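[1] could you work out the structure for the sequence below:
(one chain, ligands or ions: 3)
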Amino acid sequence: MRNVNRFGYELFSDPILNKGTAFTEAERDAFALHGLLPPHIATLDQQVERRMTAFRNLQDDLARYIFLRGLQDINETLYYALLTRHLEEMLPIVYTPTVGLGCQRFSHIYRRPRGLYLSLPYRDQIAKILSQPRFDDVQTIVVTDGERILGLGDLGAGGMGIPIGKLALYTAAGGIDPSRTLPITLDVGTDNQALRDDPLYIGWRHERVRGAEYEEFVEAFVSAVEARWPHVLLQWEDFAGPNASRFLDRYRDRLCTFNDDIQGTAAVVCGTLLSALSAARQDLRDQTVVMVGSGGAGSGIAGLLVKAMVEAGIPEEEARRRFYLTGSRGLLVEGSNRLQPYQVPFAQPRSRVADWTVENREAIGLEEVIRHARPTMLIGVSGQAGLFSEAVVREMAKHVDRPVIFPLSNPTSQSEAVPADLMAWTGGRAVIGTGSPFAPVSVGGVQKRVDQVNNAYIFPGLGLGIVTAKARRVTDTLFLTAARTLAEMSPSRLDPNAPLLPPVSALREVSAKIALAVALQAHREGLAPDFDVDNAERLIAEAIWEPQYKTYHRAA
Ligand SMILES: NC(=O)C1=CN([C@@H]2O[C@H](COP(=O)(O)OP(=O)(O)OC[C@H]3O[C@@H](n4cnc5c(N)ncnc54)[C@H](OP(=O)(O)O)[C@@H]3O)[C@@H](O)[C@H]2O)C=CC1
Ligand SMILES: CC(=O)C(=O)O
Ligand SMILES: [Mg+2]
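    Ligands and ions are numbered 1, 2, ... in the order given. Presented below is the predicted three-dimensional model:
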C-alpha cells in the first residue's frame, strides 16, 4: 500500500509510480485516470508479455537498448519485472556489450533526463542540484567522469550510460530499491574530438579538465554528497586508472565508498580463480599470474590475489613476485619513470628480468614474459582486442596442463581473445573466463558455457549487504568475503567439469548470498555495529525490492 497525491498525467509521468494499463478500477477512480487509459485492466504478467514480444521483434541490439531505456523512464516496475524474469537475455543489452554502444551513441539516442549531470561550469551549484527533494532517500550512487568507459576510452557525458546500467543491475540482480539509486556523471569535458565536433553532443563542449581544477571539482562533489547523504554508498565507475586509484585512496576512509573496477573486479576474479583451483585440486600458493593491463582493474586484481595468497600462508613479498604485470610498454620493471604509485609494488626487479629482452628492443613483450615467467594464469584487462595471440597462448599452453586464461576486457569488441580460438590453440585445455558474454564453445564435441567473469557477480550483492547492514566503510576484507562466497556457489564444486560461476540467470540468488555474508562480515569488523546478526537472513530478504505493483490510496 502506498499513499499517492498525483493525478492523471502527473501520475503517468513518474516512472516509479506509473503502472500504465495496470492501474486498477479503484485507482482509476481515485486518481482521475478513466478515459486516459483504455478500459482493459492488465496484469503485470500481461504487460511483461506484451513488452517481451515487442522487444524480441526489434531488429538489433541498439534498438533493444533504446527500447529498454525508454521503458525504464516510463515504468520502472515493469522494466524490472522484464529484467528479473529474463536476466540472461536482458543483461547483454542493459549491460556489456550493448551498453558500450549505448554510451557511444548516447547523445543521439538521448530522450529523457535520468540521474544528474554535474558539469564543471556549474560547480558552484552542486549542493543546490543535489538538494532536489526527489533525491531525499538516495541510498546508492554510481558516479563516472566518462574517461574510461569499458575499453572504449573517453566518451565524455555519454558515459552516463554506465552508472545507469550498473544501477539497473543493483536493482535487477541485487534487489536495491530503484527509487533510492542515483546515477551521476561528472562532466569535466572530453578529449574525444569527434564528440566535441558533434553538434548533437549533450555534454560540456570543452577539453577534459585535469590537474588542480579537476581535483577541486571532485572534492566539491564528494563533500556535497557527504553533507547531503552522510550514509550513502558511493561507487566509482570507469574513471581512468590513476584517477580511480587516487580517489579510492583519498576517500575510502572518509565515507562508505569503493571503486568497482579496482575492487569489484578483483573480487570476481579472485572468486572464480578459487573455484578453478579447487576444481583442479590445485593450490593458490603454487600459481604464477601474468596480468595484461596494469591500470585500475589489473592492479586491483593483483592486490586482492596477493592478499588471498598471504592469508594462505605465503609471505607478502614472495606472493608479489608471482605477479607479472604488463602495460602498453611491456612488462612493468622497477625504476621505470612511467610507473604509477599503485604499480610500483608489482614492478619486477631489473636483475630478475635482465635477459628477457629481445635484441634491439627495450620493452619486454608479452610473449617473452610468458616464455620466461611460465604463468599458470593469464588475465587480460587492457581494453585491447586480440592481445592474446596464437603465439602467446600456444607458448603458455606448453608449460601448463590447464592454462587459466581470462580475457576480461569489455565490451566484446575489446576482448583480448575469443573463447573458440583459446580452445583451439590449447587443444581444449584452457579454463576460460571472459568479461562480456560469449556463446558456448565446443570442447570435444560438447558445448561448454563460457563463464562471464564480470564484477556484476559482486557489486549488486555487496551493495545490498552494505546498505542493509548500514556499514560505514567498504574494506578489502568485504571483497574477499564476497569472493569466497561466490566460490562457494560454484557449480564446479559438485562437478569439476561444470562451469566455475553460477549462470547469469542465478544472479539474484548469488547476490542475496553475498549480501548476507558481507553484512555479517561488516558487523564482525565493527563497521556495522547496529546490524542485528540474529535476524540477518530475514533482514536481507526483507530489504530486497521486488518488481510488483503496490496498491495506491489517495493521500489525505
Ligand atoms: N570483466 C570485468 O568485470 C571488468 C573488466 N574491465 C575491463 O578492463 C579494461 C581495463 O580497465 P581498467 O584497468 O579500469 O583501465 P585502465 O585505463 O585503468 O588500465 C588499462 C591498462 O591497460 C594497459 N594497456 C593498454 N594497452 C596495452 C597493451 N597493448 N598491452 C598491455 N597493456 C596495455 C594500460 O597501460 P598504459 O598505462 O601503459 O597505457 C593500462 O595499464 C577495460 O576494457 C574494462 O572493460 C574492467 C573492470 C571490470
Ligand atoms: C565491467 C566493468 O566494470 C568494466 O568493464 O568497466
Ligand atoms: Mg567499470
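
[2] list the contacts of whichever residue of the stretch 301-450 of the chain sits closest to ligand 3.
    The nearest approach of the stretch 301-450 of the chain to ligand 3 comes at Asn410, 7.6 Å away (Cβ to the ion). No exception for glycine: its C-beta is placed from N, CA and C like everyone else's. Contacts for Asn410 were tallied using Cβ atoms under 8 Å, 6 or more residues apart in numbering; they are 96-97, 100, 150-151, 435-436, 454.

[3] for those residues, pick the one with the most neighbours.
    Gly435 (30 neighbours; other Cβ atoms under 10 Å).

[4] one step back: look up phi and psi at the residue of the stretch 301-450 of the chain closest to ligand 3.
    Backbone torsions for Asn410, taken as degrees, to the nearest 10, come to phi -120, psi 160.

[5] got it, and Gly298?
    According to degrees, to the nearest 10, Gly298 has phi -60, psi -50.

[6] how far away is it from Ser245?
    11 Å (Cβ to Cβ, to the nearest Å).

[7] looking at those two, which one has more neighbours?
    Neighbours per residue (other Cβ under 10 Å) separate Gly298 from Ser245, with Gly298 holding more: 30 against 22.

[8] wait, doesn't the more buried one sit right on Phe406?
    No: with contact defined as Cβ atoms under 8 Å, Gly298 does not count as touching Phe406 (11.5 Å).

[9] OK, contacts around the closest residue to Gly156 other than its chain neighbours?
    Of all residues not flanking Gly156 in the chain, Thr190 sits nearest, at 3.0 Å (Cβ to Cβ, 6 or more residues apart in numbering). If you count contacts by Cβ under 8 Å, 6+ apart, Thr190 has them with 146, 154-157, 196, 203, 206-208.

[10] buried ones among these?
    Buried subset of the contacts of Thr190 (neighbour count, 16 or more other Cβ atoms under 10 Å): 146, 154-157, 196, 203, 206, 208.

[11] now these as a markdown table including distance to ligand 2, pLDDT and secondary structure?
    Below are these laid out as a markdown table (distance: Cβ to the nearest ligand atom, whole Å; pLDDT from 0 to 100; DSSP: H, G, I helix; E, B strand; the rest coil):
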| residue | distance to ligand 2 | pLDDT | secondary structure |
| --- | --- | --- | --- |
| Gly146 | 12 | 98 | coil |
| Asp154 | 14 | 98 | coil |
| Leu155 | 12 | 98 | coil |
| Gly156 | 16 | 98 | helix |
| Ala157 | 17 | 98 | helix |
| Arg196 | 23 | 98 | helix |
| Gly203 | 19 | 98 | coil |
| His206 | 24 | 98 | coil |
| Arg208 | 18 | 98 | coil |
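
[12] on that earlier part again, tell me the one of the contacts of Asn410 nearest Asp124?
    If you rank those by distance to Asp124 using Cβ to Cβ, Leu150 comes first, at 32.1 Å.

[13] tell me the SS of the closest one?
    coil (DSSP: H, G, I helix; E, B strand; the rest coil).

[14] need the contact list for the residue in the stretch 351-500 of the chain that ligand 3 sits nearest to.
    Going by Cβ to the ion, ligand 3 is nearest to Asn455 of the stretch 351-500 of the chain, at 6.9 Å. By Cβ under 8 Å, 6+ apart, the contact set of Asn455 is 260-261, 264-265, 267-268.

[15] hmm, back to that, next, give me the two most distant ones among the buried ones among the contacts of Thr190.
    Leu155 and His206 (14.9 Å).

[16] ligand 3 contacts on the stretch 251-400 of the chain?
    Asp261 (Cβ under 5 Å from the ion).

[17] about what we covered before: restrict the contacts of Asn410 to those near ligand 2?
    Counting by Cβ under 6 Å from any ligand atom, 96, 150, 435, 454 from the contacts of Asn410 sit close to ligand 2.

[18] hang on, the last one packs against Thr96?
    Yes: counting by Cβ under 8 Å, Thr96 is a contact partner of Asn454 at 7.0 Å.

[19] which residues do the two both contact?
    410, 435-436.

[20] return the member of the residues you listed nearest to Glu317.
    Gly435 (30.3 Å).

[21] return the per-residue confidence for that closest one.
    pLDDT, Gly435: 98.

[22] residue contacts, the nearest residue to it once chain neighbours are set aside?
    The shortest distance from Gly435 to any non-neighbouring residue, by Cβ to Cβ, 6+ apart, is to Leu408 (4.0 Å). Contact analysis of Leu408 by Cβ under 8 Å, 6+ apart lists 265, 269, 297, 379-381, 415-416, 433-435, 453-454.

[23] who does the top strand by length along the chain touch, helix- and strand-wise?
    Looking across the chain with DSSP state E, the single longest strand is strand 181-187. In terms of contacts (3 or more Cβ pairs under 8 Å, 6 or more residues apart in numbering; DSSP states H and E), strand 181-187 is packed against strand 116-119, strand 140-144, helix 161-172, helix 211-228.

[24] in a markdown table: these, plus mean pLDDT, mean neighbour count and distance to ligand 2.
    Listed next are those as a markdown table, based on pLDDT from 0 to 100; neighbours: other Cβ atoms under 10 Å; distance: least, Cβ to the nearest ligand atom, whole Å:
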| stretch | mean pLDDT | mean neighbour count | distance to ligand 2 |
| --- | --- | --- | --- |
| strand 116-119 | 98 | 20 | 20 |
| strand 140-144 | 99 | 26 | 10 |
| helix 161-172 | 98 | 27 | 7 |
| helix 211-228 | 98 | 16 | 19 |
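
[25] ligand 3 is nearest to which of those?
    Closest among the helices and strands packed on strand 181-187, once you apply Cβ to the ion, is helix 161-172, at 6.5 Å.

[26] show me what that closest one packs onto, helices and strands only.
    By 3+ Cβ pairs under 8 Å, 6+ apart, helix 161-172 packs against helix 61-74, helix 76-85, helix 87-94, helix 98-104, strand 140-144, strand 181-187, helix 459-469, helix 507-524.

[27] got the angle for the shortest one vs helix 161-172?
    The one in question is strand 140-144. Angle, strand 140-144 to helix 161-172, by axes from the mean of the first three to the mean of the last three Cα atoms, to 10 degrees: 160 degrees.

[28] partners of strand 140-144 in the sheet?
    Looking at strand 140-144 with DSSP bridges, its partner strands are strand 181-187 (parallel), strand 233-236 (parallel).
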